[in-house]
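K.L.:
Sequence below, structure please.
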Amino acid sequence: MSAADGGVGPRALISLHFPAQDAAVRGALLRVDATLRDEGIDDDLRDRTQIALAEACNNIVEHAYPYERCEDPAITLDIASDRGGIQITLRDKGGPMPDGRLPSPDLPPLNLDDPLLLPEGGFGWPILRSMTRALSISRRNGQNILRFRLPAVEMPRSQGQNAL
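P.N.:
Model (predicted):
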């Protein structure tokens, strides 16, 4: 994981607060990757972090804010590490998750006979569920809180197995 990771408990690596906009998400992803690289995080875990964060942040930009009026349409990101991997917490003040729960882990229906009929979306949550552990969402004080872990070593799991 990291050459400097001799401690037992989680160690804060980076905290960011950035606008919930595509360009700001891209900038945050670049800053996270540079920080993880500087901390000695291996390429595999850095790549998985980028994919998971891009999915989660883009979901916030696309779904949490478009219908909500908010003075500060922003995302707050905290990343910590320990021997077991990386812990990520994302906060936003956008609209709540429907039913207050994570979306279904099921992929959208696919028609593989006609590529033009493939859905444009619906893959983000299944991707997050397959890559992460301890995936949870809660809402407190008008704020969505999404948490998940990325293990230092990717462990294979059965297709469709939930990340909870």
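K.L.:
so where does the residue of the chain most remote from its centre fall, helix or strand?
P.N.:
Within the chain, the residue lying farthest from the chain centre (Cα atoms, centre = their mean) is residue 113, at 31.5 Å. Residue 113 is part of no helix or strand, with elements assigned from DSSP states H and E.
K.L.:
what do you get for residue 87?
P.N.:
Per DSSP H and E: strand 85-92 holds residue 87.
K.L.:
what's next to that strand, contact-wise?
P.N.:
Applying Cβ atoms under 8 Å, 6 or more residues apart in numbering, the contact partners of strand 85-92 are 1, 10, 13, 20, 36, 41, 45, 49, 52-53, 56-57, 60, 64-65, 73-81, 133, 143-153. From N, CA and C alone the C-beta is placed, and that goes for glycine too.
K.L.:
just the strands in the protein please.
P.N.:
Counting by DSSP state E, the segments of the chain that form strands are 11-19, 74-82, 85-92, 133-140, 143-151.
K.L.:
Including mean pLDDT, mean neighbour count and distance to residue 98, could those go into TSV?
P.N.:
TSV is the format used below for the strands of the chain (pLDDT from 0 to 100; neighbours: other Cβ atoms under 10 Å; distance: least, Cβ to Cβ, whole Å):
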stretch	mean pLDDT	mean neighbour count	distance to residue 98
strand 11-19	97	15	24
strand 74-82	97	20	19
strand 85-92	97	21	15
strand 133-140	95	14	11
strand 143-151	96	19	12
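K.L.:
can you put those in a markdown table and add distance to residue 100?
P.N.:
Shown next, in a markdown table, are those (distance: least, Cβ to Cβ, whole Å):
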| stretch | distance to residue 100 |
| --- | --- |
| strand 11-19 | 24 |
| strand 74-82 | 19 |
| strand 85-92 | 15 |
| strand 133-140 | 6 |
| strand 143-151 | 10 |
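K.L.:
And the lowest mean pLDDT element among the helices and strands of this structure?
P.N.:
For the chain, using mean pLDDT, DSSP states H and E, the weakest element among its helices and strands is helix 124-131, scoring a mean of 87.
K.L.:
so what does that helix touch, helix or strand wise?
P.N.:
Secondary-structure packing of helix 124-131 (3 or more Cβ pairs under 8 Å, 6 or more residues apart in numbering; DSSP states H and E): helix 43-59.
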